[in-house]
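*Asks:* Output the structure for:
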Amino acid sequence: MVLLQRTLGQVALYLLVAAVSVLFLFPWLWLISTSLKSPEQIIAVPPQLLPNPVMWINYYYGVTFVDFPRYMLNTLIIATSVMLARIVSCTLVAYALSIVDWPGRPILFALVLATMMLPGQVTLIPLFIIYSRLGWVNTFLPLTLPALFGDAFFIFLMRQFFVTIPRDLVDAARMDGASHFDIYLRVVMPLARPALATLVAFTFIWTYNDFMGPLIYLKDRDLWTLSLGMQGFTQRYGAGGTALGAMMAAATLYTLPMIVLFLAAQQTFIRGIVTTGLK
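*Replies:* Residues are numbered from 1 along each chain as shown. Here you go, the predicted model:
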């Protein structure tokens with residue numbers, strides 16, 4: 001009887017999870033469905049979920065109506081640069097705030113956390129003035145270079161993981177003559193892969209989807225990212241008929257890198273969130 005109740009409970013739980021999954025996946029499935037519909041099917045009442053006939057030509061329009069390959073390349077360059085810069089900067093600062101003992105460390109950590117309470121809009125105009133005087137407007141530098149100075153959230157994330165690393169490992173490395181850089185590179189970083197996966201995933205997704213930064217700093221169409229390209233798509237061709245099908249096709253392609261990244265690092269990413277949160 002107890003086994004039966006437990007089995008029924010598990011079945012009910014799985015059904016609930018499946019229902020919630022379908023609920024969250026439905027907008028993306030509808031996006032794919034719309035990207036394969038003809039103009040008549042898109043505006044049909046009642047709406048049709050399955051396209052008939054399947055309009056693969058929409059994907060050709062989606063990548064040719066705007067310079068989709070160039071926008072994708074620009075977006076990947078910016079997102080990858082920011083991701084690599086944050087891996088280096090945030091982990092180095094987190095190492096100094098967790099492994100290295102020095103006076104004033106708690107005070108500096110508190111100041112780092114305090115910067116998280118400062119809205120980004122407060123620094124928007126001063127930063128634009130600085131970058132404009134440096135001649136960086138209409139380049140990728142304002143979108144990538146600040147990542148070399150770290151990010152408070154990811155410094156906090158990595159620091160919380162680093163403090164859980166057994167101190168005996170660090171002490172043993174020091175006794176073997178390892179420098180701080182050796183400990184950082186050969187002891188701490190290999191153990192921090194789950195937290196690093198979380199940093200990589202969040203950084204890539206946030207940078208990939210960023211709209212405000214490229215809108216402010218990138219004026220030349222050849223430098224646009226996908227987020228600006230999608231807006232330019234709507235402004236140039238409107239949002240009806242064939243243009244809507246092509247825009248949905250472009251939006252479907254827009255989501256693919258994020259989905260591939262998550263699927264590739266799914267287990268490590270989830271483990272990083274769980275272990276960092278619990279520890």
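*Asks:* and residue 22, how far is that from residue 30?
*Replies:* According to Cβ to Cβ, to the nearest Å, residue 22 stands 12 Å off from residue 30. (C-beta placed from N, C-alpha, C; glycine too.)
*Asks:* Pick out whichever of these two has more residues nearby.
*Replies:* For residue 22 versus residue 30, neighbours defined as other Cβ atoms under 10 Å are more numerous around residue 30 (13 against 10).
*Asks:* Am I right that the more buried one is in contact with residue 50?
*Replies:* No. Contact criterion Cβ atoms under 8 Å: residue 30 and residue 50 do not qualify, at 11.1 Å.
*Asks:* For residue 71, list the residues it contacts.
*Replies:* By Cβ atoms under 8 Å, 6 or more residues apart in numbering, the contact list for residue 71 reads 224, 225, 226, 228, 229.
*Asks:* now do 6 Å
*Replies:* By Cβ atoms under 6 Å, 6 or more residues apart in numbering, residue 71 lies in contact with 224, 226, 229.
*Asks:* what does residue 252 give?
*Replies:* Contacts of residue 252 (Cβ under 6 Å, 6+ apart): 31, 32, 35.
*Asks:* got it, and residue 236?
*Replies:* By Cβ under 6 Å, 6+ apart, the contact list for residue 236 is empty.
*Asks:* who's in contact with stretch 103-121?
*Replies:* 97, 152, 155.
*Asks:* Now that stretch: buried residues?
*Replies:* By neighbour count on 16 or more other Cβ atoms under 10 Å, the buried set for stretch 103-121 is 109, 112.
*Asks:* ends of that stretch, how far apart?
*Replies:* For stretch 103-121, the first-to-last residue distance is 33 Å (Cα to Cα, to the nearest Å).
*Asks:* just how off-centre is it within its chain?
*Replies:* Relative to its chain's centre, stretch 103-121 lies at 23 Å (Cα atoms, centre = their mean, to the nearest Å).
*Asks:* same check, this time on stretch 29-43
*Replies:* 27 Å.
*Asks:* got the CA coordinates for that stretch in CSV?
*Replies:* Backbone C-alpha positions of stretch 29-43 (Å, rounded to 0.1, in the frame of the first residue of the first chain) are rendered in CSV as follows:
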residue,chain,number,x,y,z
LEU,A,29,6.8,26.0,-30.1
TRP,A,30,4.3,28.6,-31.3
LEU,A,31,7.3,30.7,-32.5
ILE,A,32,8.6,27.8,-34.6
SER,A,33,5.1,27.1,-35.9
THR,A,34,4.5,30.7,-37.0
SER,A,35,8.0,30.8,-38.7
LEU,A,36,6.8,28.0,-41.0
LYS,A,37,3.4,29.4,-41.9
SER,A,38,2.2,31.3,-44.9
PRO,A,39,0.8,34.8,-44.5
GLU,A,40,-2.7,33.5,-44.7
GLN,A,41,-2.1,30.9,-42.0
ILE,A,42,-0.5,33.5,-39.7
ILE,A,43,-3.7,35.6,-39.7
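*Asks:* Fine by me, we can end here.
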